[in-house]
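**Q** Any chance you can model this:
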Amino acid sequence: MQDLVKMTIKKYEMLCQGETIVLAISGGIDSMVLLHIFNNLKDSFGLRLVIAHVDHAKRAESKLDRQLIQRVAKTLSIPFELATLPPQTTGENFHHYAHNFRYDFFETVAKKYQATTIATAHHANDHLETVIGSMLKSGNSSAIQGILPKSQLNNLNVIRPLINLQKSDIINYADKYQISYLEDASNNSQIYTRNRIRKNIIPTLLNESPTIIENARKLSDDLKEDEGYFDYVVQNIMNEWKIPINSFDLKAETFDIKLSVENLVNLHFSIRKRLFKKMFPSLSARSLDLLNEKLQKDEPSWKLDIGEGILASKSYDVFGLERHSLSYNEEDFDFILELDKEIRLPDGRKMKLMRTNIKKNEFNGTQNTYLCYNMLCMPIRVRGRIDGDKIALKNDLGHYRVKKLMIDKKIPIYQRASWPIVEDACGKIIWIPGLKTSSVCLNEPNSSEDLWLEIYE
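**A** Predicted coordinates for the structure are as follows:
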């Protein structure tokens, strides 16, 4: 069996000569077999071993685990590090809480001994249990990869050298070498889903197909290879489109991403889904599916809440992703324009109303107009668009619906809510910067009472 472990180490490139390895030892049969095998292999690999044990303090017998491991560590002259799980103070799932604590502790031990790798005792049956458990909750390919033979924890390798061994192999090995271990009684409890899978489902599957455990490992290895290729393709796309991966930090207060709808739609569905997943790893599978479905529909514009505080939108050939906070409701956007007082608009630009004798703004990107004072109902306000808005055109050419105007001008949907609408106190829209002017707007002032209104970066 040690030869099979050696083959596994070589196949998955788990170790380098002369490494320091932190062995995660619980005191159960799996981890005590792991310890025995590594103690026998350490000379051939030139390894330095360190034992790390976490006492979960949930059972009265847990002290026996600690005493057993301490005794074996002393006999083998291997350094021993111990931590006790603190009482849980949050509503977090206990298994998640304990898992996070264990791996934080293993990292601490690794730093202390300058270790590069952590080894755990997960085996082939554990892997199949994990795959089945994942399939009960999710159907995506990454979920059913199960337990990887080798993974990363920050800058450390986490290896599972027993991953190709079945539980029966481990039991036979422990019997052959008379390895001492202790069983955790909670492993037999039917309360936990994993235990029910182990006790009820796995034996049935093995009766139907004795190769089910090996098949599950091969399926997972194949899936990992496939995902590696897909990740390579997606990364090339991101490089080609100049999309930096760090642009999609869900903890960031703001982000505003624009992509070509045509480019996205031309991607294979599978690649497009993985592109979004790489951009936002914590998005649910349902959100990813909704996003893909919307992109496939022949709709000129839409908005979609995809979770995590992200708003996706389409406007003609522009696909956008932004924080909800970048979208403005009409009630959030309504300012009175006072003479010579600058205001900041939701889109970041500034607006100012002045007498015509005031020096005009010379900044690049300025949009401006003169306003005929005698045709105004003061005060003037600026707000966001409201459904039903219309602007009266010059020369009595009737009214133009603002929504249709924005559609005709191909204003992206994600910009429409924050587009400034200037109206007077009588409710008459007099100016839509960059789009339309009413008869109140002048090319040149008629009198010294006329006003100057500008919007600028």
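**Q** can you pull out the helices in the stretch 251-400 of the chain?
**A** 261-266, 269-279, 285-296 (DSSP state H, counting those that start in this stretch).
**Q** Quick check: nearest residue in space to residue 85, chain neighbours excluded?
**A** Closest residue in space to residue 85, ignoring its immediate chain neighbours: residue 56 at 4.8 Å, by Cβ to Cβ, 6 or more residues apart in numbering. Backbone N, C-alpha and C define where each C-beta goes, glycine included.
**Q** same check, this time on residue 6
**A** In space, residue 6 is closest to residue 41, 7.0 Å off (Cβ to Cβ, 6+ apart).
**Q** In this structure the one you found contacts residue 3, no?
**A** No. Counting by Cβ atoms under 8 Å, residue 3 is not a contact partner of residue 41; they are 10.4 Å apart.
**Q** neighbour count winner among these two?
**A** For residue 41 versus residue 3, the count of surrounding residues by other Cβ atoms under 10 Å is larger for residue 41: 17 against 7.
**Q** distance of that one from residue 427?
**A** Separation of residue 41 from residue 427 (Cβ to Cβ, to the nearest Å): 83 Å.
**Q** Could you work out the end-to-end span of stretch 380-400 for me?
**A** Terminal residues of stretch 380-400 lie 20 Å apart, using Cα to Cα, to the nearest Å.
**Q** which residues touch the residue nearest to residue 6?
**A** Applying Cβ atoms under 8 Å, 6 or more residues apart in numbering to residue 41 gives the contacts 2, 5-6, 47.
**Q** Give me the neighbour count for residue 73.
**A** If you count neighbours by other Cβ under 10 Å, residue 73 ends up with 21.
**Q** need the contact list for it.
**A** So residue 73 contacts 51, 79-80 (Cβ under 8 Å, 6+ apart).
**Q** hmm, try it at 10 Å
**A** The contact partners of residue 73, taken as Cβ atoms under 10 Å, 6 or more residues apart in numbering, are 23, 25, 35, 49-51, 53, 79-82.
**Q** Just to confirm, what confidence does the model report for it?
**A** Per-residue confidence for residue 73 comes out at a pLDDT of 97.
**Q** Just say helix, strand or coil for it.
**A** helix (DSSP: H, G, I helix; E, B strand; the rest coil).
**Q** Please identify which helix or strand holds residue 21.
**A** strand 20-24 (DSSP states H and E).
**Q** ok, that strand: who's next to it in the sheet?
**A** The pairing partners recorded for strand 20-24 under DSSP bridges are strand 48-55 (parallel), strand 117-119 (parallel).
**Q** now for the ones you listed, which one comes closest to residue 30?
**A** Nearest of these to residue 30, taken as Cβ to Cβ: strand 117-119 at 11.6 Å.
**Q** going on from the closest one, what's the next piece of helix or strand?
**A** Downstream of strand 117-119 (by DSSP H and E), the next one is helix 124-137.
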